[in-house]
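Asker: sequence first, predicted model second:
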Amino acid sequence: MHPFFAMSLLFGLTFGQTASLCAPSEYIIHVEKRECAYCLAINTTICAGFCMTRDSNGKKLLLKSALSQNVCTYKEMLYQTALIPGCPHHTIPYYSYPVAVSCKCGKCNTDYSDCVHEKVRTNYCTKPQKLCNV
């Protein structure tokens, strides 16, 4: 193997992890229940950003551990609960949501993340909106 190619490959694998731009990012979640009078707009943080992945076209040349398909995911998170205003007494007016404290590039964990890319859904309210700053 040509020394320049080997050094370029080593540099790319090493620099790839440091060039990842995965961090907590501000996000607004819109929450509404059919029974409640208002839609709640919640300011929170999610993990978002770019993580280096490695193309599997070179799988015969590289070790399996070097062929990762990383996503920006939670390193640390906590859950907070908000009260949805305008709910009748027979309805549970609470909504719990995750707050990203720190993020990392890693494998997608289906215990707390949706790892399947779905059709883009709109994030909006159909009812009058109340803002929740937590």
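Answerer: Sure, I can see it.
Asker: Tyr94 versus Glu35, what's the distance?
Answerer: Separation of Glu35 from Tyr94 (C-beta to C-beta, to the nearest Å) stands at 13 Å. The C-beta positions use only the backbone N, C-alpha and C, and glycine is treated the same way.
Asker: more crowded one of those two?
Answerer: Relative neighbour count places Glu35 above the other of Glu35 and Tyr94, with 13 against 10, counting by other C-beta atoms under 10 Å.
Asker: which element, helix or strand, includes the residue nearest to the more buried one when sequence neighbours are not counted?
Answerer: Leaving out its chain neighbours, the residue that sits closest to Glu35 by C-beta to C-beta, 6 or more residues apart in numbering is Thr91, at 4.4 Å. With secondary structure defined by DSSP states H and E, Thr91 is part of neither a helix nor a strand.
Asker: next: the one 5 residues further on.
Answerer: Assignment of secondary structure by DSSP H and E places Ser96 within strand 94-106.
Asker: residues contacting that strand, please?
Answerer: In this structure, residues lying in contact with strand 94-106 by C-beta atoms under 8 Å, 6 or more residues apart in numbering are 17, 20, 22-25, 29, 31, 40, 42, 44-49, 51-52, 70-84, 112, 134.
Asker: and the nearest residue to Ala48 once chain neighbours are set aside, how far from Cys72?
Answerer: Excluding its sequence neighbours, the residue lying closest to Ala48 (C-beta to C-beta, 6+ apart) is Ser25, at 4.1 Å. According to C-beta to C-beta, Ser25 stands 9 Å off from Cys72.
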